[in-house]
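Asker: Model the following, please.
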Amino acid sequence: MTDRPDLTNLPSYRQPRRSVFSARRIALMASVVAGLGVAVHGFSPTTSPADLFSSPAHAQVNNEVKKVERPIGFADIVERVKPSVISVKVNIKEKTASNDDGDDSASPFQPGSPMERFFRRFGGPDGFPGQKGGRGRVVQGQGSGFFISADGYAVTNNHVVDGADKVEVTTDDGKTFSAKVIGTDQRTDIALIKVEGSSSFPFAKLADGKPRIGDWVLAVGNPFGLGGTVTAGIVSASGRDIGNGPYDDFIQIDAPVNKGNSGGPAFNTEGEVMGVNTAIYSPSGGSVGIAFSIPANTVKSVVAQLKDKGSVSRGWIGVQIQPVTSDIADSLGMKKAEGALVAEPQKDGPAAKAGIESGDVITTVNGESVKDARELARTIGGMAPGASVKLNVLHKGQDKVVNLTLGQLPNTVEAKADNDNDSGKGASKGTDVPKLGMTVAPANSVAGAGKDGVVVTEVDPKSAAAERGFKEGDVILEVGGKSVSTAGEVRDAINTARTDNKNSVLMRVKSGGQSRFVAVPIAKG
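Answerer: The predicted structure is shown next:
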C-alpha cells in the first residue's frame, strides 16, 4: 500500500463520508453473495453460504479489501495552488520563423546537436495554434509561469521570453497584466519577470528538499494556449543530463506536458514547486510521458541573483574537463572511475596559475568528493566568484592539494579556429602505427596543424582508434603522459604502457580547437 499525502490541513479538506457508503456496499455485497450461496447450495449440499466467508482464503481476501481506501485525488491541492500559475504571452518583432522547407516552427537548437535531434522545447516563441510568424513579421508565442511573491515576481523559462518586445500574462481568473523581464539565465533556462498591477497576487513556494523517485507530481500550465491545465504523474528519475549544457541536473517526470507548458511549475503533494518544466523528449512534438524540470534548489539560487542584479555570476576555474571512464581510470592507475579529468587548463586561468595541468584528475572540492565532470561543473558554478576553494588533485599518480581563488565564468565563449579542414594540405603520407590502426605525421610537417604533436593522416575504419573516435586531422599531443612529435615517440610510449601491463594507453588529442583525453586499448605482445 503506497503512502498518500496528508491533506487534513488544507482549508478545503472535508472528511470523506464513508460509514453510510460502506454499510450500503457491504449490504449489497452480502445480498449478492447470499444469493450465490443459495445457488451453490443447490448444487452442493455440503457447502453453505457461511462457508464462503469462513474459509481461510476468503477471509484473507476480505481483510485485504478492508485495508484499501478509496483514492482521494488531487482536487484540494489543485484548488490551493492553481491560482499562482499564469499564462505568458510574448511578441517578438523581426523574427525569422520560416525554414527553407516551409516549416514555421524553426528549431532553436544548433543543427545536429543532441538537443536538436532528440529533444524539442515546448512553449517558446515558435507560435501557437493560428498564430504563426513569418519573415519580417511579429511572432507570437505562449508559455507558462508562476508567481513567487505577492508583489508580482514570477518565474518562467528563458526560452519563453528570450528576445521578447512585449510580455503579457493572464492569471487563473482571466485577468491580463503587462510584465517586464527582470533578468534571464540562458545556461539554466530560467527567467524572472515582474508583473505590474497588483500587490496581492497568489504565489507558490519553492520546495526546500529534493523529490524522491516515485513521488507524485502535478504539472500545471498552458499547453497549446488552452489555459490552466493540470496533469498528474510521478518523478521518474533525477540528475538527468539532456545535452543542454554543463549544468544539466534535470528532474524527469511522466506527468503529460506539451507545447505551452514551458516555464510552468511541477508541484509536489505539499503544494510546493519541486521544479520548473522546461523540455520534453518527443519524436512527434507531443507528450510521450518524458518531461524534464529544473530543480527548485537551482531555481532559488538563480532567481535570487536575477532579482538582485539582473544576471547570474558563477565561479570559474578555467579548465576543459571530461569524465573519467573505466579505460581512462585504468590508464591512470586509478581504482575507481571517478572525478573530473582536466583535458586542458585555460591560459592565465585560475587553475593554470595554481599549477593544475592537463591529465590531472580533480577528485574533491573543499573535502567533498567529485563524482564526475558534470558534478564538478555544477559545484564550481554554484560558488561565487572570488571564493577560495581547496581541490584535491591526482597529478601523475600522486595526490596533491591545490588552493585557488575562483574567477568569474565569462558570459560568452569565444569560438576557436577549426583548422581541421586544412590539416591535410601539404601533409606527408605519414608513418603507420600498426598497434592502433592509424597513420601519423609530425604536426610541423602539416600546414595548419601547429608545431606540437603528431597529426593523424589516416585511420583504419576497423581499428581501435576508429572505435574511439579518431579521425583524419586530429592532433595527438601526448601519449601515456609524454609529449610526442614523431611516430617513433608514439610507438615508444605504447611499448612502455604495454611493459607496465596497462590494458590501454591514454592520449591527449586536439580536435577542432578543443582538447580531450582518449584511452585506446593496446594489443599485447
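
Asker: Would you list the phi and psi of Lys309?
Answerer: phi -140, psi 0 (degrees, to the nearest 10).

Asker: again with Asp330
Answerer: phi -60, psi -40.

Asker: got a list of what the nearest residue to it once chain neighbours are set aside touches?
Answerer: Nearest non-adjacent residue to Asp330, counting by CB to CB, 6 or more residues apart in numbering: Asn503, 5.4 Å away. For the C-beta atoms, the positions are set from N, CA and C on the backbone; glycine is no exception. Shown in contact with Asn503 (CB atoms under 8 Å, 6 or more residues apart in numbering): 327, 330, 521-522.

Asker: Tell me which stretches of this structure form helices.
Answerer: 19-43, 49-54, 56-67, 75-81, 114-118, 158-161, 296-309, 326-332, 350-353, 373-381, 464-467, 487-499 (DSSP state H).

Asker: Quick one: distance of the fourth one to the chain centre.
Answerer: The chain centroid and the centroid of helix 75-81 are separated by 28 Å under CA atoms, centre = their mean, to the nearest Å.

Asker: mind listing what's buried in that helix?
Answerer: Of all the residues in helix 75-81, those buried under the rule 16 or more other CB atoms under 10 Å are 76-78, 80-81.

Asker: Just the mean pLDDT for it, thanks.
Answerer: On average, the pLDDT along helix 75-81 is 93.

Asker: Extract the CA atoms of it and return them as PDB.
Answerer: Output in PDB follows, covering the C-alpha atoms of helix 75-81 (Å, rounded to 0.1, in the frame of the first residue of the first chain):
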ATOM      1  CA  ALA A  75      -8.500  18.400  -6.200                       C
ATOM      2  CA  ASP A  76      -7.700  20.000  -2.800                       C
ATOM      3  CA  ILE A  77      -4.100  20.600  -3.800                       C
ATOM      4  CA  VAL A  78      -5.000  22.000  -7.200                       C
ATOM      5  CA  GLU A  79      -7.600  24.300  -5.700                       C
ATOM      6  CA  ARG A  80      -4.900  25.800  -3.500                       C
ATOM      7  CA  VAL A  81      -2.000  26.100  -6.000                       C
END
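
Asker: Turn the buried residues of helix 75-81 into TSV, columns for distance to Gln252.
Answerer: Shown next, in TSV, are the buried residues of helix 75-81 (distance: CB to CB, whole Å):
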residue	distance to Gln252
Asp76	26
Ile77	21
Val78	22
Arg80	25
Val81	21
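
Asker: Worst mean pLDDT across the helices and strands of this protein, which element?
Answerer: The helix or strand of the chain with the lowest confidence, counting by mean pLDDT, DSSP states H and E, is helix 19-43 at a mean of 38.

Asker: what sits against Pro295?
Answerer: By CB under 8 Å, 6+ apart, the contact list for Pro295 reads 210, 238, 249-251, 274-275.

Asker: ok, the residues you listed vs Thr364, which is closest?
Answerer: Distances from Thr364 to those, taken as CB to CB, are shortest for Asp249 (19.2 Å).

Asker: So what's the residue count around that closest one?
Answerer: Residues lying near Asp249 (other CB atoms under 10 Å) number 17.

Asker: Might you list the low-confidence residue ranges for this structure?
Answerer: Scanning the chain for pLDDT under 70 picks out the ranges 1-71, 94-138, 242-246, 282-285, 411-435, 448, 523-525.

Asker: Ser144 and Gly264 touch, don't they?
Answerer: Yes. Applying CB atoms under 8 Å, one finds Ser144 in contact with Gly264, separated by 3.2 Å.

Asker: Looking only at stretch 500-509, what residues are buried by neighbour count?
Answerer: 502, 504-509.

Asker: neighbours around the nearest residue to Lys400 once chain neighbours are set aside, how many?
Answerer: Spatially, and ignoring its direct neighbours in sequence, Lys400 is nearest to Val393 (5.5 Å; CB to CB, 6+ apart). Each residue near Val393 was counted by other CB under 10 Å, and the total is 22.

Asker: now Val393, which residues is it bridged with?
Answerer: Judged by DSSP bridges, the bridge partners of Val393 are Ile362, Lys400.

Asker: wait, isn't it in contact with Glu357?
Answerer: No. Using CB under 8 Å, Val393 makes no contact with Glu357, being 9.1 Å away.

Asker: What is the end-to-end distance of stretch 311-330?
Answerer: End-to-end span of stretch 311-330 (CA to CA, to the nearest Å): 42 Å.

Asker: what's the answer for stretch 382-399, then?
Answerer: 25 Å.

Asker: neighbouring contacts of it?
Answerer: With contact meaning CB under 8 Å, 6+ apart, stretch 382-399 is reached by 301, 313-317, 332-334, 339, 354, 356-357, 359-367, 380, 400-409, 481.

Asker: what comes up buried for stretch 175-187?
Answerer: 177, 179, 181-185, 187.

Asker: Could you do stretch 455-465 as well?
Answerer: Buried, per 16+ other CB under 10 Å, within stretch 455-465: 455-459, 463-465.

Asker: And Ser144 and Gly264? Which one has more around it.
Answerer: For Ser144 and Gly264, the more surrounded residue by other CB under 10 Å is Gly264, and the numbers stand at 35 against 31.

Asker: correct me, but that one touches Val273?
Answerer: No. In this structure, Gly264 is not within contact of Val273 by CB under 8 Å, at 9.7 Å.

Asker: quick one: common contacting residues for those two?
Answerer: In contact with both Gly264 and Val273: Phe146, using CB under 8 Å, 6+ apart.

Asker: Filter the contacts of stretch 382-399 down to the ones in strands?
Answerer: 315-316, 361-365, 400-405, 407-408 (DSSP state E).

Asker: Just the buried residues of stretch 205-224, please?
Answerer: Buried, per 16+ other CB under 10 Å, within stretch 205-224: 206-207, 211, 215-224.

Asker: I'd like to know which of those are part of strands.
Answerer: Going by DSSP E, the strands hold 216-221 from the buried residues of stretch 205-224.

Asker: Pick the one among these closest to Val288.
Answerer: Among these, and counting by CB to CB, the member closest to Val288 is Ala219, at 14.4 Å.

Asker: Quick one: neighbours of Ala354, just the number.
Answerer: By other CB under 10 Å, the residues close to Ala354 number 17.

Asker: and what of Leu226?
Answerer: 14.

Asker: ok, now the one 10 residues further on?
Answerer: Here the number of neighbours of Ser236 (other CB under 10 Å) works out to 18.
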